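Undergrad: Need coordinates for the below:
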Amino acid sequence: MRTKPGQRVRSVTCDGQFVVVRPAADDIELTCGGAPVADLGSEPATAPLDPGRAGGTLPGKRYGHPASGLEIMCTKPGKGSLAVGTDVLEPVLAKPLPSSD
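TA: Residues are numbered from 1 along each chain as shown. Down below sits the predicted model:
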């Protein structure tokens with residue numbers, strides 16, 4: 001899948017919806033709950049949720065994949081975990097601000 005900024009995708013295994021903040025440098029296999037994600041406006045399709053990929057996503061959180069450069073934000077929570085290939089995406093932590101001392 002080729003990602004682009006602002007692209008909206010959804011999970012086919014749960015209620016999760018996402019928007020691409022920073023696209024991946026190359027084509028990637030983005031999955032949620034163990035199944036490939038679909039464009040938000042595409043025909044509704046469903047797939048079973050993989051119990052091993054049921055870590056969930058939180059609204060407003062950004063998830064990143066450093067190897068590809070992908071950063072994606074959750075706009076609607078779901079039960080499935082985001083992954084690129086076999087790498088489960090972790091929430092991106094805020095950078096600490098410099099001390100004002």
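Undergrad: And the residue most central in space within the chain, how close does it get to D39?
TA: Central residue of the chain (CA atoms, centre = their mean): L82, 4.5 Å from the mean position. Going from L82 to D39 by CB to CB, to the nearest Å gives 16 Å. Every C-beta, even on glycine, is put in place using the N, C-alpha and C of the backbone.
Undergrad: can I assume G52 sits in a helix?
TA: Yes: secondary structure assignment places G52 in a helix (DSSP: H, G, I helix; E, B strand; the rest coil).
Undergrad: Look at it and report its pLDDT.
TA: Looking at G52, its pLDDT stands at 93.
Undergrad: Spatially nearest residue to the residue nearest to the centre of the chain, not counting backbone neighbours?
TA: L89 (4.2 Å; CB to CB, 6 or more residues apart in numbering).
Undergrad: Give the bridge partners for the residue nearest to the centre of the chain, please.
TA: L82 has these beta-bridge partners by DSSP bridges: C32.
Undergrad: Next: H65.
TA: For H65, the beta-bridge partners are L70 (DSSP bridges).
Undergrad: Correct me if wrong: it contacts T86.
TA: No: judged on CB atoms under 8 Å, H65 makes no contact with T86 at a distance of 11.4 Å.
Undergrad: what about the protein, any weak spots by pLDDT?
TA: Low-confidence segments of the chain (pLDDT under 70): 101.
Undergrad: what are the ranges of the strands in it?
TA: Here the chain has its strands, by DSSP state E, at 8-10, 17-22, 30-32, 35-36, 38-39, 62-65, 70-76, 82-84, 87-88, 90-91.
Undergrad: Which other helices and strands does the longest one contact?
TA: So the one you mean is strand 70-76. strand 8-10, strand 17-22, strand 62-65 (3 or more CB pairs under 8 Å, 6 or more residues apart in numbering; DSSP states H and E).
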